[in-house]
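# sequence and predicted structure, then a few things I'm wondering about:
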Amino acid sequence: MSNAARPPLVFAACEPPYRLDNGARIRTHHLLTGLAHAFETVFVTFEHNPDDPGGPFGKEELEQLYPNVEMITVPGNGRAKRADQALSLLRRRSWTNGRYQSRAFTETVRGAVAAKRSRIVHFDDLGVAQIGPVAGAFSAYSSHNVEQRILSHGARTGSPPRRLFYGVEALKVGSEERRVWRSMDLSLAVSPLDGRAMSAGGARRVELCPNGAPAVERLPVQRRSADQPLRLLFVGTGSYVPYERGLAWFVREVLPRIEASIPVALDVVGDPPVRPVEAKGVRYVGRVPSVEPFYSNCHGMVVPVFEGSGTRLKILEAMAYGRPVISTSLGAEGLPVVAGEHFLQADDAEGFAAAAVRVAEWSLDPGDELERLLASAREAIRPFFWEAIADRLVELYRSELGRVEHRPIAAAGAERPR
């Protein structure tokens, strides 16, 4: 990073990157820390009720974690999630984003921009992007997904009330996404696929800001003897609906097929599913201080994901650590990886079981085939290490400073442009 003066930047997010136990928080953390090296950064976020998934945390904890970032928090969500979801059906705004519409938060963001005379505002998710753009500043929306795609799938599954809620929610969120894409100076997409959806939806400008991998050392290949089980790993937030459904399918449909050929064990690391499917050899570990011991202990990573948007950080992470990945085509969507060259692709139960047996054979006798796959996978994701991604975003924002210097900065209470 350059040692030049750090120009001001305001970074707004629905929740803080604390704890680093899901992909959204990990992405926010790396973008925030990367930008804070180059910009005098003010981070504005909500301080939610302790029962809310976004809490609990304290401002003092954040200040200790990010000592070079000025922290500003605003009171956030309360307890009544289900009731609020039901009432949202009668409102114009979505529940997904409407719960983050707060006059106090809007005024705080605008006030920070005016006080710091910030020429860059980074909106890190769709919830806070609803208050943008900010007059006088270069306003960027950093998406984690194309949210309507996820909600639309929810409208096709589950109970009738669930399908109704998600169907209405998908329409509202789709409209909110298009408004944000059209109004922001820049929309950041995590994948080319999401970028094309943004452009088709009227985005003024789209740039790629992908998800990344930690620059970790590759682990030695984990071997096993013939009498030991094949150890598979899933890392992710099991309470996230696409992952919960994918895991349930994997446990019910795939594990018995693998077990017919070889003993198998599955560790699920991260918040467990709301309704976990129990089975022999399946262990729901929950949150852990570090995922490295679990990668070190496993023979392969599985990604049974059939719905959603964005890209899966867990695939990049597994490849960085040097573990073979078995994923659906959608799970690897948007990543610079090719089935058969960088990972094993499977889109049905038989395919997953066959790929797992192949990984089991590699774990008995690692050879050139496995080494080629692991080496090519790590090389493919090298440009996707987080530090390089943050550096590119810093350069992009710095390049815009000269273009927006002539814009008058809006007063703290000014209305946003429409």
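Done, it's in. Numbering: from 1, shown residues only.

# point out where the chain drops to low pLDDT.
By pLDDT under 70, the weakly predicted segments of the chain are 1-4, 49-57, 77-90, 309-311, 406, 409-418.

# and the contacts of the longest helix along it?
For the chain, the helix with the greatest residue count under DSSP state H is helix 160-183. Helix 160-183 is contacted from outside by 85-86, 88-89, 92-97, 126, 129-130, 132-133, 139, 141, 146-148, 151-152, 154-158, 187, 198, 201-204, 417-418, using C-beta atoms under 8 Å, 6 or more residues apart in numbering. The C-beta positions use only the backbone N, C-alpha and C, and glycine is treated the same way.

# ok, now which ones touch Glu236?
You called it Glu, but residue 236 is Gly. So Gly236 contacts Asn22, Gly23, Tyr243, Val269, Gly270, Arg312, Lys314 (C-beta under 8 Å, 6+ apart).

# return the residues in contact with the fifth one.
Pointing back at Gly270 there. By C-beta under 8 Å, 6+ apart, the neighbours of Gly270 are Asp21, Asn22, Phe234, Val235, Gly236, Thr237, Gly238, Val285, Gly286, Arg287.

# select only the buried ones of these in ChimeraX?
A single ChimeraX command selects the buried members of those (16 or more other C-beta atoms under 10 Å):
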select :21,22,234,235,236,237,238
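
# which stretches in the stretch 51-200 of the chain count as helices?
59-65, 81-88, 95-98, 103-116, 126-129, 147-154, 160-183, 192-200 (DSSP state H, counting those that start in this stretch).

# so which of the contacts of Gly236 belong to strands?
Val269 (DSSP state E).

# would JSON lines of the contacts of Gly236 with distance to Ile326 be doable?
Formatted as JSON lines, these follow (distance: C-beta to C-beta, whole Å):
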{"residue": "Asn22", "distance to Ile326": "21"}
{"residue": "Gly23", "distance to Ile326": "19"}
{"residue": "Tyr243", "distance to Ile326": "15"}
{"residue": "Val269", "distance to Ile326": "16"}
{"residue": "Gly270", "distance to Ile326": "18"}
{"residue": "Arg312", "distance to Ile326": "12"}
{"residue": "Lys314", "distance to Ile326": "12"}
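
# where do the strands sit along this structure?
Using DSSP E, strands in the chain cover 8-12, 40-47, 69-75, 120-123, 138-142, 186-189, 206-208, 230-235, 264-269, 282-286, 300-303, 325-327, 344-345.

# go through those strands and name the closest to Glu333.
strand 325-327 (9.3 Å; C-beta to C-beta).

# burial count for Leu171?
15 (other C-beta atoms under 10 Å).

# from Arg117, how far out is it?
39 Å (C-beta to C-beta, to the nearest Å).

# what's near enough to touch the closest residue to Glu369 other than its chain neighbours?
When the adjacent residues along the chain are set aside, Glu369 lies closest to Trp362, with 7.3 Å between them (C-beta to C-beta, 6 or more residues apart in numbering). Contacts of Trp362 were listed using C-beta under 8 Å, 6+ apart, and they are His299, Pro324, Glu369, Leu370.

# domains of this protein?
8-212+385-404, 230-383 (automatic domain parsing).

# tabulate these in CSV, adding columns for distance to Arg218.
Formatted as CSV, these follow (distance: least, C-beta to C-beta, whole Å):
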stretch, distance to Arg218
domain 8-212+385-404, 13
domain 230-383, 4
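
# out of the ones you listed, which comes closest to Val221?
domain 230-383 (4.7 Å).

# report how many residues lie close to the closest residue to Leu9 other than its chain neighbours.
Spatial nearest neighbour of Leu9, excluding adjacent residues (C-beta to C-beta, 6+ apart): Phe39 at 3.7 Å. Phe39 has 25 neighbouring residues, counting by other C-beta under 10 Å.

# the one 3 residues further on too?
Neighbourhood size, Val42 [other C-beta under 10 Å]: 24.

# surely it and Glu70 touch.
Yes: Val42 is in contact with Glu70 according to C-beta atoms under 8 Å; the separation is 4.6 Å.

# before we move on, the earlier item: out of the helices of the stretch 51-200 of the chain, which is the most enclosed?
helix 126-129 (a mean of 26; mean count of other C-beta atoms under 10 Å).

# elements contacting it?
The helices and strands touching helix 126-129, judged by 3 or more C-beta pairs under 8 Å, 6 or more residues apart in numbering; DSSP states H and E, are helix 95-98, helix 160-183.

# try it again at 7 Å.
Judged by 3 or more C-beta pairs under 7 Å, 6 or more residues apart in numbering; DSSP states H and E, helix 126-129 is in contact with helix 160-183.

# now do the helix it packs on against helix 147-154, angle only.
170 degrees (axes from the mean of the first three to the mean of the last three C-alpha atoms, to 10 degrees).

# so helix 160-183 versus strand 138-142, what angle?
150 degrees.

# how about the CA coordinates for helix 160-183, as CSV?
Below are the C-alpha coordinates for helix 160-183, written out as CSV (Å, rounded to 0.1, in the frame of the first residue of the first chain):
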residue,chain,number,x,y,z
PRO,A,160,-47.6,-22.2,1.5
PRO,A,161,-47.1,-19.3,3.9
ARG,A,162,-43.3,-19.5,3.3
ARG,A,163,-43.8,-19.5,-0.4
LEU,A,164,-46.1,-16.5,-0.2
PHE,A,165,-43.7,-14.5,1.9
TYR,A,166,-40.7,-15.3,-0.3
GLY,A,167,-42.7,-14.6,-3.5
VAL,A,168,-43.8,-11.2,-2.4
GLU,A,169,-40.3,-10.5,-0.9
ALA,A,170,-38.6,-11.4,-4.2
LEU,A,171,-40.6,-8.9,-6.1
LYS,A,172,-39.9,-6.1,-3.6
VAL,A,173,-36.2,-6.9,-3.3
GLY,A,174,-35.8,-7.1,-7.1
SER,A,175,-37.3,-3.6,-7.4
GLU,A,176,-35.0,-2.4,-4.6
GLU,A,177,-31.9,-3.9,-6.3
ARG,A,178,-32.7,-2.3,-9.6
ARG,A,179,-33.1,1.1,-8.0
VAL,A,180,-29.8,0.8,-6.3
TRP,A,181,-28.0,-0.4,-9.4
ARG,A,182,-29.4,2.5,-11.4
SER,A,183,-28.7,5.2,-8.9
